[in-house]
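> Compute the structure for the input listed below.
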Amino acid sequence: MNDQTPIQNAPAGSQVSPGSGLPPEELDRMTDDIIAALKTVYDPEIPADIYELGLIYRVDIDNDRNVAIDMTLTAPGCPVAGEMPTWVENAVASVPGVQSVKATIVFDPPWDQSRMSDEARVALDMW
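Take a look at the predicted model:
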């Protein structure tokens with residue numbers, strides 16, 4: 001996979017690794033569509049989507065349009081830990097052009113509230 005660059009307008013620490021062989025306009029469209037898909041997935045205990053919460057650490061799109069996602073949870077003991085990667089994979093798999101998706105839960109670095117976007121802070125009234 002490729003070097004990582006920050007995702008535009010993403011919560012702190014999120015990165016996308018673009019496939020160098022993809023046309024820039026296709027990569028931009030796929031990135032925007034993947035982010036939109038990620039924003040449809042919610043932590044059932046928190047009224048904010050996982051993207052704005054800063055739970056997505058890395059999105060890697062390779063030259064064959066396979067997508068690898070590193071994500072975390074707000075807490076290691078999250079009751080939906082076993083289900084959330086599947087929710088993410090299903091959401092991103094619906095994006096046109098995506099060939100396959102693999103979401104992996106990581107805990108390094110640990111998630112904290114500084115990773116949340118301003119949108120999530122407003123939704124949760126956490127200023």
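
> Show me the helices in this protein, by range?
Here the chain has its helices, by DSSP state H, at 24-38, 84-93, 118-124.

> Just put the ones you listed in JSON lines and tack on mean neighbour count and mean pLDDT.
All C-beta spots, glycine's among them, are computed from the backbone N, C-alpha and C. Shown next, in JSON lines, are those (neighbours: other C-beta atoms under 10 Å; pLDDT from 0 to 100):
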{"stretch": "helix 24-38", "mean neighbour count": "17", "mean pLDDT": "95"}
{"stretch": "helix 84-93", "mean neighbour count": "18", "mean pLDDT": "97"}
{"stretch": "helix 118-124", "mean neighbour count": "15", "mean pLDDT": "89"}
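
> need the contact list for the closest residue to residue 94 other than its chain neighbours.
Spatially, and ignoring its direct neighbours in sequence, residue 94 is nearest to residue 37 (6.2 Å; C-beta to C-beta, 6 or more residues apart in numbering). Residues counted as contacts of residue 37 (C-beta atoms under 8 Å, 6 or more residues apart in numbering) are 91, 92, 94, 95.

> what sits against the first one?
For residue 91, the set of contacting residues under the criterion of C-beta under 8 Å, 6+ apart consists of 37, 38, 40, 41.

> same thing but at 10 Å, please
Listed by C-beta atoms under 10 Å, 6 or more residues apart in numbering, the contact partners of residue 91 are 34, 36, 37, 38, 39, 40, 41, 50, 101, 103.
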